[in-house]
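Undergrad: kindly return the folded structure for what I paste below:
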Amino acid sequence: MKHMTIFIFLLLLFCLELSSQPLIKQAPVGFDSLRADVPHGNIDSITYQSTTVGTVRKATIYTPPGYSKEKKYPVLYLLHGIGGDEKEWLTGGTPQRILDNLYAEQKVEPMIVVMPNGRAMKDDRATGNIMESAKVQAFATFEKDLLNDLIPSIEKTFPVYTDREHRAIAGLSMGGGQSLNFGLGNLDTFAWIGGFSSAPNTKTPELLVPNPQEAKSKIKLLWISCGDDDGLITFSQRTHEYLQAHDVPHIYYIQPGVHDFKVWKNSLYMFSQFLFKAVDQSKFAQYTLLGTPAQTNVRRAKYPQILPDNRVVFRVKAPEAKTLQLDLGKKYDMQKDTGGYWTITTDTLSEGFHYYSLIIDGIAVADPASETFYGMGRMASGIEIPMKGENYYAVKNVPHGDIRINRYFSPVFNKWHQMYIYTPAGYDDNSNEKYPVLYILHGGGEDERGWATQGKADLILDNLIAEKKAKPMIVVMPDGNVDAPGFGETTLKMFETELKLSVIPFVEKTYRVKTDAKNRALAGLSMGGIQTLYAGFHNTNLFSYLGIFSSGWILPMQKDLATAQYDFIQKNINTIADNIQVVWIGMGGKEDIAYHNGQLMLSKFDELKLKYTYYEYPGGHTWPVWRNDLFHFAQLLFQ
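TA: This next block holds a predicted model:
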């Protein structure tokens, strides 16, 4: 018993030591050097009969140090690029040196590596016009040659395992596209798949992985890598984004570099160490050197970069600054290097939109590498974290409406204002059709741009309408700011008047809209939610649908306003019940700063027997929550 206890203790200590070891994220210097002090594998050339091509074809093969015909080995099929052949990896990538050195360090499993000619045609030399259509088509034809001719020949000639768990495929550039196409298209043949700087021959993600659940269950490792300055990175990025959205485990490995063997050799070094052994998919997101530039970056800006686990790397050059912080709600102290660059990696961020600022020597400024957005009462930077799963605000291949900007003169404020208008797809073509209208209001510190830019209202409606989940409608996004001190009844009354005397008349004069209450809705977030409370319940002759997002009377500051409204609702409950079809209230969970006030309001509504629909979506007082509110609320309108 004593010996067993000691054994268990040592085993636990060993496991703890392994788990505490740092992740190796790139090849060390000399990883591809010829070392005289290590055993070497063997490089040979083989031939096989190809019924697909109708000729004898060549391949290069690597057998590991200590190779024996008495043992069985797994196989890696390693493919070349469009300008190469079966010797491209050998001459440009020296895979035998990389693997020999890894074997000596006991970092890879013994394996046979087959380097075929991926141009499946009788004259398969990389001569003449390599972009000729017949030669390009031959790379697709190679799938049949690989499956029906090469693999059977290898399994007949060499002592190899013949099950999918012992078969891998990877390649560079054109071969990277082939590896993804063939590997993901034949999940019963390959369990380990790697695309290095995959070329435009890579199928679109929907065709590559039509069944994400099957891919999850069958793939041992799916590796996507590319250099950050490679012009073909978009093909790797779109595959990664699709896999991430559908929760298919994979490694997305971005490294400094272009479209060359420096990148591909490092990729082989990293990829080969995972093969044919147990892998920890929970750590996949940690295996990258660089992240993906955020979609909210200005053109060609490399930072901020989003890592696969949604941590974000910020990097700013400010050599003369004494202190620099990132303000992302939480403040991060940035660290300066010798080149004058300040860098920080954040915690994992939630999906959706986040405002941020740089605080340079105590002054908050926008990041010059980011698009700017009007929020927090000023122009600020913003970062968009991609959404997993069914992204209801993604740009999809559906008919798209328009965002229009209209200036109008406000008799209430005696000056020119502007509003943003969403018109659904087909508005200009269907000249006889009239549409219902949703008037939607922004929050404090924002303006009429909020729902169109941060809120992505147009994309949400485009996708809902295309799926027939929402009625085609016009969405009006006015400026809800009132140039008056405080936020009390005076400002609320002024905006209500602006809405009734300026905004609605302008919309009904300028656009083809239905003008009865059953075809009007009013909604708003935060400050806009309070404006909706005030104007909506007092004007049930104008609106039949009310949406209140992350809002509620601010207590105790607005106690008198709340009391007056509850009295009004109590006296007019029957009229409100007859006129209002939907009262929809959404909150961002308990972390929403409006949560407490909202719950007090709901309790009062229950007491008054006012019917409403309540919905929570975690995320606090943020745009991801309000986008989700619009997504659900819009589906209830004008039915």
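
Undergrad: go ahead and flag the most central residue of the protein.
TA: Among the residues of the chain, the one closest to the centroid is Pro386, at 2.7 Å (C-alpha atoms, centre = their mean).

Undergrad: how about the nearest residue to that one, chain neighbours excluded?
TA: Nearest residue to Pro386, sequence neighbours excluded (C-beta to C-beta, 6 or more residues apart in numbering): Glu241, at 6.2 Å. The C-beta positions use only the backbone N, C-alpha and C, and glycine is treated the same way.

Undergrad: contacts for the helix or strand harbouring that neighbour, please.
TA: Here Glu241 is covered by helix 233-245, with elements defined by DSSP states H and E. Residues outside helix 233-245 that contact it (C-beta atoms under 8 Å, 6 or more residues apart in numbering) are 177, 180, 195, 197-200, 202, 204-206, 208-209, 212, 222, 224-227, 250, 252, 254, 292, 308, 386-391.

Undergrad: gap between the residue nearest to the centre of the chain and Ile130?
TA: 36 Å (C-beta to C-beta, to the nearest Å).

Undergrad: next one: Lys277
TA: Applying C-beta to C-beta to Lys277 and Ile130 gives a distance of 37 Å.

Undergrad: what of Ile112?
TA: Ile112 is 28 Å from Ile130, by C-beta to C-beta.

Undergrad: higher neighbour count, those two?
TA: Using other C-beta atoms under 10 Å, the more surrounded residue of Ile112 and Ile130 is Ile112, with 21 against 15.

Undergrad: phi, psi for the more buried one please.
TA: phi -100, psi 140 (degrees, to the nearest 10).

Undergrad: what about whichever strand or helix holds Gln213, distance to the chain center?
TA: Using DSSP H and E, Gln213 maps to helix 212-218. With C-alpha atoms, centre = their mean, to the nearest Å as the basis, helix 212-218 stands 20 Å off its chain's centre.

Undergrad: other residues contacting that helix?
TA: Arg164, Leu184, Leu187, Asp188, Ala191, Val209, Leu222, Leu243, His246, Asp247, Val248, Pro249.

Undergrad: inside helices: which ones of the residues you listed?
TA: Secondary structure defined by DSSP state H assigns Leu184, Leu243 of the contacts of helix 212-218 to helices.

Undergrad: rewinding a little: show me what counts as buried in the helix holding Glu241.
TA: Ile233, Phe235, Ser236, Gln237, Thr239, His240, Glu241, Tyr242, Leu243, Gln244, Ala245 (16 or more other C-beta atoms under 10 Å).

Undergrad: could you pull up phi and psi at Lys604?
TA: phi -70, psi -40.

Undergrad: low-confidence ranges, the chain, go.
TA: Filtered on pLDDT under 70, the chain yields the residue ranges 1-22.

Undergrad: what about Gly480, how many neighbours?
TA: Quick note: Gly480 (other C-beta under 10 Å) scores 25 neighbours.

Undergrad: list the contacts of it.
TA: Leu441, His442, Asp447, Glu448, Phe495, Gly524, Met527, Gly528, Gln531 are the contacts of Gly480 under C-beta under 8 Å, 6+ apart.

Undergrad: now do the phi/psi pair for Ile43.
TA: According to degrees, to the nearest 10, Ile43 has phi -110, psi 130.

Undergrad: that one against Gln96, yeah?
TA: Yes - here Ile43 reaches Gln96: they are 5.5 Å apart, a contact under C-beta atoms under 8 Å.

Undergrad: tell me which of those two has more neighbours.
TA: Remark: of Ile43 and Gln96, Gln96 carries more neighbours, 22 against 15, as counted by other C-beta under 10 Å.

Undergrad: would you mind giving the secondary structure of that one?
TA: Following DSSP: H, G, I helix; E, B strand; the rest coil, the label given to Gln96 is helix.

Undergrad: list the contacts for it?
TA: His40, Gly41, Ile43, Tyr62, Leu90.

Undergrad: these in helices, which ones?
TA: Short answer: the contacts of Gln96 have none in helices (DSSP H).

Undergrad: pull out the buried residues from those.
TA: Counted by 16+ other C-beta under 10 Å, the contacts of Gln96 give His40, Gly41, Tyr62, Leu90 as buried.

Undergrad: can you tell me how far the closest residue in space to the second one that isn't next to it in sequence sits from Ala245?
TA: By that I understand Gly41. Nearest residue to Gly41, sequence neighbours excluded (C-beta to C-beta, 6+ apart): Pro64, at 4.7 Å. From Pro64 across to Ala245, the span is 38 Å (C-beta to C-beta).

Undergrad: also Lys156?
TA: From Lys156 across to Ala245, the span is 42 Å (C-beta to C-beta).

Undergrad: ok, now Tyr287?
TA: From Tyr287 to Ala245 the distance is 19 Å (C-beta to C-beta).

Undergrad: if we can go back for a sec, contact partners for the residue nearest to Gly41?
TA: Gly41, Tyr73, Leu99, Tyr103, Pro110, Met111, Ile112.

Undergrad: ok, 7 Å please
TA: Listed by C-beta atoms under 7 Å, 6 or more residues apart in numbering, the contact set of Pro64 reads Gly41, Leu99, Tyr103, Pro110, Met111.

Undergrad: now it: phi and psi?
TA: Residue torsions, per degrees, to the nearest 10, at Pro64 are phi -70, psi 170.

Undergrad: may I have the residues that are in contact with the residue nearest to Thr348 when sequence neighbours are not counted?
TA: Nearest residue to Thr348 in three dimensions, chain neighbours excluded: Asn310, at 4.8 Å (C-beta to C-beta, 6+ apart). When contacts are counted by C-beta under 7 Å, 6+ apart, Asn310 touches Thr348, Leu349, Ile385.

Undergrad: pull the number of nearby residues for the last one.
TA: This means Ile385. Other residues close to Ile385 by other C-beta under 10 Å number 20.

Undergrad: just to revisit the earlier point, what do Ile43 and Gln96 both touch?
TA: Here Ile43 and Gln96 share the contacting residues Tyr62, scored by C-beta under 7 Å, 6+ apart.

Undergrad: centre of the chain versus stretch 316-335, how much separation?
TA: Worked out by C-alpha atoms, centre = their mean, stretch 316-335 lies 25 Å from the chain centre.

Undergrad: now swap in stretch 138-157 and tell me
TA: 36 Å.

Undergrad: between the two ends of it, how far is it?
TA: Using C-alpha to C-alpha, to the nearest Å, the end-to-end distance of stretch 138-157 comes to 25 Å.

Undergrad: now the contacts of Pro64 in a markdown table, with secondary structure and distance to Thr515?
TA: Output for these, formatted as a markdown table (DSSP: H, G, I helix; E, B strand; the rest coil; distance: C-beta to C-beta, whole Å):
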| residue | secondary structure | distance to Thr515 |
| --- | --- | --- |
| Gly41 | coil | 80 |
| Leu99 | helix | 75 |
| Tyr103 | helix | 78 |
| Pro110 | coil | 78 |
| Met111 | coil | 73 |
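
Undergrad: export the residues you listed to CSV and tack on distance to Val583?
TA: As requested, the contacts of Pro64 are exported to CSV (distance: C-beta to C-beta, whole Å):
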residue, distance to Val583
Gly41, 73
Leu99, 67
Tyr103, 69
Pro110, 68
Met111, 64
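
Undergrad: how many neighbouring residues does Thr348 have?
TA: Thr348, neighbours per other C-beta under 10 Å, totals 11.

Undergrad: with Val29 instead?
TA: 6.

Undergrad: quick check: phi and psi on it?
TA: phi -60, psi 130.

Undergrad: so it versus Ser272, what's the distance?
TA: If you go by C-beta to C-beta, the gap between Val29 and Ser272 works out to 18 Å.

Undergrad: same check, this time on Pro116
TA: 18 Å.

Undergrad: these two - which one has more neighbours?
TA: More crowded of Pro116 and Ser272, by other C-beta under 10 Å: Pro116, with 29 against 24.
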